[in-house]
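# Turn this into a structure:
(one chain, ligands or ions: 1)
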Amino acid sequence: MSKSFDVVVIGAGTGGYVAAIRASQLGKTVAVVEKQSALGGTCLIWGCIPTKALLEHAHALKVIQQASEWGVTIPSGTPTINMTQVHVRKDKIVGGLTKGIEFLFKKHKIAWVKGTARLAGPGTVEVVDGDKQTLEAKEIIIATGSAPRSVPSVSIDHTRIITSDEAIHLKDVPASLVILGSGAVGVEFASIYRRFGSEVTIIELVQRLVPVEDEAVSAELEKSFKKQGITVLTGTKVTKATSSASGVSIEAETPDGKTKKIAADILLVATGRGPVTTGLGAEEAGVAMERGYIKVDDLYRTSVPGISAIGDVITLGTGVHPQLAHVSSMEGVITAERIAGKHVQPLNYDHVPGCTYCDPEIGSVGLTEAQAKERGYDVTIGVFPFGVLGRARMAGESEGFVKIVADKKYDEVLGVHMIGPRSTELVAEAVLALRLECTVEELIKTIHAHPTFSEAVGEAAHAAHGAAIHM
Ligand SMILES: Cc1cc2nc3c(=O)[nH]c(=O)nc-3n(C[C@H](O)[C@H](O)[C@H](O)COP(=O)(O)OP(=O)(O)OC[C@H]3O[C@@H](n4cnc5c(N)ncnc54)[C@H](O)[C@@H]3O)c2cc1C
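Residues are numbered from 1 along each chain as shown. I've put the predicted structure just below:
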């Protein structure tokens with residue numbers, strides 16, 4: 001006998017589990033089908049959480065390596081990382097958080113159906129393995145997420161040529177690591193393994209690192225990476241990668257058209273992620289697709305009434321849809337509220353913060369200087385370096401800057417781009433500023449406590465008006 005629910009969610013990542021909780025809060029009966037043995041999806045199991053845990057280990061090692069500067073005496077010997085303990089701690093954090101979602105499901109009386117789901121006709125979801133059954137649903141939310149993908153010239157063997165799924169579990173620190181791709185995932189692993197002791201080379205097809213960021217941020221990161229001993233090859237295309245028992249041979253075409261050969265222990269492919277829809281039966285159910293992604297409107301309705309989709313698996317058909325945990329969660333909330341009959345509004349994708357936890361870290365929101373110019377704004381910018389701030393000097397973290405991009409005519413803040421200490425936290429103020437259509441003047445008039453890193457945001461606003469106080 002089939003079980004009936006108001007809402008059946010397929011996938012318990014940050015999109016799916018948040019949509020389920022919100023729908024339950026609004027009085028709906030909810031089931032979530034998840035094929036993994038734990039809840040939380042990419043973010044909790046392979047993504048945000050384990051990578052940031054590794055980055056905290058890298059940060060701890062950095063502080064210990066600089067012990068003498070802090071006046072801390074360490075018994076003789078070079079501090080090194082113990083990967084066994086790293087994984088024990090990381091796995092404990094991941095386990096605790098996934099269990100936390102199980103608790104939330106119980107609290108909200110959400111049924112967790114363990115297995116792989118397939119659309120099986122209007123309002124019907126079939127669980128084809130695990131806890132096999134048929135579920136009837138008034139509304140279905142597809143939140144099946146994404147998985148790593150490679151480039152045509154490189155095939156992943158999961159041993160020597162790996163993805164982020166394996167990079168979070170490496171038992172030993174590789175002596176040499178080549179990273180293909182300098183998006184958030186690529187530069188985060190570059191920071192982690194360089195600090196752990198690997199020789200790291202990062203290869204990027206585009207002419208600069210972190211290509212989605214403001215150009216000034218890319219330049220600052222490249223400067224810092226080079227200082228840390230990371231080899232940066234931009235404008236370079238990997239044409240071949242062959243793995244053997246002893247390592248990987250990589251061939252790449254450099255900007256001058258020459259072939260460069262690189263040997264490494266491990267090649268990490270970080271060239272992006274593709275949608276997970278295999279076996280889902282979406283096309284058979286009549287759901288419109290685009291390049292493998294599920295096509296949705298601005299309130300996440302697919303082409304089939306009663307079926308919505310959110311998160312990494314979707315395209316809005318208007319450029320690149322950001323594959324970020326907080327985006328999937330917000331889409332989940334909007335979808336659950338729409339289904340429950342609440343008034344909802346489309347998300348403004350210009351206001352999505354991007355946080356990249358490399359060292360130095362990056363936080364950004366809104367238009368880059370180049371994008372603002374492309375959209376025809378008469379642009380003014382204000383830049384303030386962290387190096388001038390007392391708080392940053394105390395922390396020994398004085399690289400980077402805050403850059404504000406604003407419209408000269410109305411003084412509106414269009415974008416804020418920062419690289420340096422605590423940028424992934426400081427960006428929250430900028431997100432609110434954009435949401436409230438704040439002017440530069442209002443940021444100047446906002447009191448920033450002293451001594452804090454946030455003073456850099458206030459000072460960048462002053463700089464946008466040509467008058468930074470401490471510069
Ligand atoms: C290394 C790495 C680091 C990252 N760091 C960050 C970060 O710092 N900040 C950030 O915002 N984002 C980060 N991301 C991106 C973030 O993890 C994703 O954007 C987010 O997890 C997407 O959520 P989702 O719910 O759409 O999909 P997912 O989290 O991928 O969840 C989909 C779920 O659906 C399940 N599923 C799929 N098909 C079926 C089926 N047919 N039946 C049942 N279950 C199914 C899967 O098992 C999975 O659990 C990172 C990603 C990676 C890989």
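
# Quick check: closest non-adjacent residue to V416.
A430 (3.5 Å; Cβ to Cβ, 6 or more residues apart in numbering). Bear in mind the C-beta positions are built from the backbone N, C-alpha and C, glycine included.

# do the helix or strand containing that neighbour and the ligand meet?
Using DSSP states H and E, A430 falls within helix 423-435. No - contact between helix 423-435 and the ligand is absent, the nearest approach being 8.4 Å (criterion: Cβ under 6 Å from any ligand atom).

# So for that helix, what gets flagged as buried?
423-424, 426-427, 429-431, 433-434 (16 or more other Cβ atoms under 10 Å).

# Same check on stretch 258-267?
Result for stretch 258-267 [16+ other Cβ under 10 Å]: buried residues 260, 262, 264-267.

# and if you look at stretch 408-422?
For stretch 408-422, a neighbour-count test (16+ other Cβ under 10 Å) marks 411-422 as buried.

# With respect to N82, which of those is nearest?
P421 (26.2 Å; Cβ to Cβ).

# Where does the stretch 201-350 of the chain get nearest to the ligand, residue-wise?
G311 (2.1 Å; Cβ to the nearest ligand atom).

# That residue contacts G145, correct?
Yes - applying Cβ atoms under 8 Å, one finds G311 in contact with G145, separated by 5.8 Å.

# Return every residue with contacts to both of the two.
Jointly contacting G311 and G145 under the rule Cβ atoms under 8 Å, 6 or more residues apart in numbering are 11, 13, 15, 328.

# circling back to that earlier point, more neighbours, G311 and G145?
Set side by side, G311 and G145 show more neighbours around G311, with 36 against 26, by other Cβ atoms under 10 Å.

# Briefly note if the lengthiest helix in the chain comes near the ligand.
Counting residues, the longest helix found in the chain (DSSP state H) is helix 83-107. No - if you take Cβ under 6 Å from any ligand atom as the test, helix 83-107 misses the ligand, and the best it gets is 10.2 Å.

# So which residues make contact with that helix?
By Cβ under 8 Å, 6+ apart, helix 83-107 touches 12, 17, 20-21, 32, 38-40, 44-45, 49-50, 53-54, 57, 110-112, 168-173, 196.

# Using neighbour counts, pick out the buried residues of the longest strand seen in the chain.
Using DSSP state E, we find that the single longest strand of the chain is strand 133-142. Under the neighbour-count criterion of 16+ other Cβ under 10 Å, strand 133-142 has 133, 135, 137, 139-142 buried.

# Looking at the buried residues of stretch 408-422, which one is closest to W70?
P421 (15.6 Å).

# what about the nearest residue to that closest one once chain neighbours are set aside, is that helix, strand or coil?
Excluding the flanking residues, the one nearest P421 by Cβ to Cβ, 6+ apart is E397, at 3.6 Å. With DSSP: H, G, I helix; E, B strand; the rest coil as the basis, E397 sits in coil.

# quick one: secondary structure of V33?
Going by three-state DSSP: V33 is strand.

# Same question for S24.
Applying three-state DSSP: S24 is helix.

# Contact partners for it?
Going by Cβ under 8 Å, 6+ apart, S24 touches 30, 108-110.

# quick one: T452 and A392 touch, right?
No - if you go by Cβ under 8 Å, T452 and A392 don't touch, sitting 9.7 Å apart.

# More neighbours: the two, which one.
Comparing T452 with A392 by other Cβ under 10 Å, the one with more neighbours is A392, at 23 against 16.

# Can you check what pLDDT the model gives the nearest residue to that one once chain neighbours are set aside?
The spatial neighbour of A392 that comes closest, neighbours along the chain excluded (Cβ to Cβ, 6+ apart), is F386 at 4.2 Å. According to the prediction, F386 has pLDDT 98.

# Kindly provide the distance from F386 to the ligand.
21 Å (Cβ to the nearest ligand atom, to the nearest Å).

# same check, this time on A468
31 Å.

# got the buried residues for stretch 374-387?
Taking 16+ other Cβ under 10 Å as the criterion, stretch 374-387 shows 377, 379-386 as buried.

# Which one of these is nearest to V154?
The closest of these, once distances to V154 are taken by Cβ to Cβ, is F386, at 36.9 Å.

# picking that back up, how about JSON lines for the buried residues of strand 133-142, with pLDDT added?
Shown next, in JSON lines, are these (pLDDT from 0 to 100):
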{"residue": "Q133", "pLDDT": "97"}
{"residue": "L135", "pLDDT": "98"}
{"residue": "A137", "pLDDT": "98"}
{"residue": "E139", "pLDDT": "98"}
{"residue": "I140", "pLDDT": "98"}
{"residue": "I141", "pLDDT": "98"}
{"residue": "I142", "pLDDT": "98"}
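
# helix, strand or coil for the residue nearest to G197 when sequence neighbours are not counted?
Closest residue to G197 apart from its sequence neighbours, by Cβ to Cβ, 6+ apart: V173 at 5.2 Å. V173 falls in the coil class when you classify it by three-state DSSP.

# got the phi/psi numbers for V173?
phi -80, psi 120 (degrees, to the nearest 10).

# so how far is G15 from it?
Distance, V173 to G15, by Cβ to Cβ, to the nearest Å: 33 Å.

# And the two? Which one has more around it.
More neighbours surround G15 than the other of V173 and G15, with 34 against 17 (other Cβ under 10 Å).

# So for the more buried one, what's the pLDDT?
Looking at G15, its pLDDT reads 98.

# The residue positioned nearest the centre of the chain and V185, how far apart?
Nearest residue to the geometric centre of the chain (Cα atoms, centre = their mean): L324, 4.8 Å. The spacing between L324 and V185, counted by Cβ to Cβ, is 12 Å.

# in the sheet, who's paired with I250?
A241, I262 (DSSP bridges).

# correct me, but it touches D265?
No - counting by Cβ under 8 Å, I250 stays clear of D265, with 11.5 Å between them.

# Run through the strands of the stretch 351-471 of the chain in chain order.
With DSSP state E, counting those that start in this stretch, the ranges of strands along the stretch 351-471 of the chain come out as 354-356, 362-366, 379-385, 401-407, 413-419.

# got TSV for those, with distance to A282 too?
Formatted as TSV, the strands of the stretch 351-471 of the chain follow (distance: least, Cβ to Cβ, whole Å):
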stretch	distance to A282
strand 354-356	28
strand 362-366	32
strand 379-385	42
strand 401-407	39
strand 413-419	35
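
# follow-up on the earlier one: for PyMOL, what selects the buried ones among the contacts of S24?
The following PyMOL line selects those of the contacts of S24 that are buried, judged by 16+ other Cβ under 10 Å:
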select buried, resi 30+110
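
# wait, which of the contacts of S24 is closest to D297?
The shortest approach to D297 among the contacts of S24 belongs to V30, at 22.6 Å (Cβ to Cβ).

# And the longest helix of the chain, what's buried?
Across helix 83-107, burial judged by 16+ other Cβ under 10 Å covers 83, 86-87, 90, 94, 97-98, 101-102, 104-105.
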